[in-house]
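[1] Predicted model follows, preceded by the sequence.
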Amino acid sequence: MDAGSDRRTTTPAWAVVVGTFGGAGLSPKAPGTVGSIASLALWAPLALVDVAWWWRLALAAALFALGTLAAEAVVRGEGRQDPQKVVIDEVVGMGLTLLFASSWTSLALGTVLFRVFDITKPWPVSLADRRVKGGFGVMLDDVLAAGYALSLLLLIERVLWPLVAARFAGAAA
């Protein structure tokens, strides 16, 4: 435990349920990946029925607020920063990454891209991960990773795929 362990408290049950996204974060292996995949139970239906992006953004924002409170409670309860079992940050990150997704291909590619950026933590994700503490810090680095993943997903889907498709269509003619 870190130096803040003398301030441990009992973690409220609601915070564990929310923070672990109903238990997904309790996976003994790769809880972040398990939480990201589990979040598809929430985000995939919204994407596949093409719920408006702003509704998805509103839901992600609400989950960010609730997740910040839950993560803070778990951090205090365990006396350490960013406990692995807290995966509500991955759920929010996935929601932001998949903001404009509307197909299984987008969902799969978005999931992979989010995990890559969440794991590798390019700057400023790594800076936020190191410097911003508490529940807000737990959530912030995943939001930043989602920004990278969303940007690359949009570049691939809106620019690269159409260019490749046009190239193959031109070659077939």
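    Everything's here; your move.
[2] okay, CA-based contacts and neighbour counts for the rest of this
    Noted.
[3] any idea which element the one residue sitting closest to the centre of the chain lies in?
    Residue closest to the average C-alpha location in the chain (Cα atoms, centre = their mean): residue 93, at 2.3 Å. Remark: residue 93 resides in helix 88-97, with elements defined by DSSP states H and E.
[4] now do residue 169
    Here residue 169 is assigned to helix 161-172, by DSSP H and E.
[5] Format the CA atom coordinates belonging to that helix as CSV.
    In CSV, the C-alpha atoms belonging to helix 161-172 read as follows (Å, rounded to 0.1, in the frame of the first residue of the first chain):
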residue,chain,number,x,y,z
TRP,A,161,-11.4,3.1,-45.9
PRO,A,162,-13.1,5.3,-48.6
LEU,A,163,-9.8,5.9,-50.3
VAL,A,164,-9.1,2.1,-50.4
ALA,A,165,-12.6,1.4,-51.5
ALA,A,166,-12.3,4.0,-54.3
ARG,A,167,-9.0,2.5,-55.4
PHE,A,168,-10.4,-1.0,-55.6
ALA,A,169,-13.5,0.3,-57.4
GLY,A,170,-11.4,2.1,-59.9
ALA,A,171,-9.2,-1.0,-60.5
ALA,A,172,-12.3,-3.2,-61.0
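[6] Can you give me the pLDDT of the residue nearest to residue 85 when sequence neighbours are not counted?
    Take residue 85 and drop its neighbours on the chain: the residue closest to it by Cα to Cα, 6 or more residues apart in numbering is residue 25, 4.2 Å away. Residue 25 is assigned a pLDDT of 97 by the prediction.
[7] Residue 25 in helix, strand or coil?
    Following DSSP: H, G, I helix; E, B strand; the rest coil, we place residue 25 in the helix state.
[8] same question, residue 101
    Secondary structure state of residue 101, per three-state DSSP, is coil.
[9] From residue 170, how far out is the residue lying closest to it once chain neighbours are set aside?
    Once flanking residues are discounted, residue 101 sits nearest to residue 47: 5.5 Å by Cα to Cα, 6+ apart. Here the distance between residue 47 and residue 170 works out to 31 Å (Cα to Cα, to the nearest Å).
[10] These two: which has the busier surroundings?
    The neighbour count for residue 47 versus residue 170, taken as other Cα atoms under 10 Å, is higher for residue 47 (23 against 9).
[11] give the contact list for that one.
    Contact analysis of residue 47 by Cα atoms under 8 Å, 6 or more residues apart in numbering lists 98, 99, 100, 101, 102, 103.
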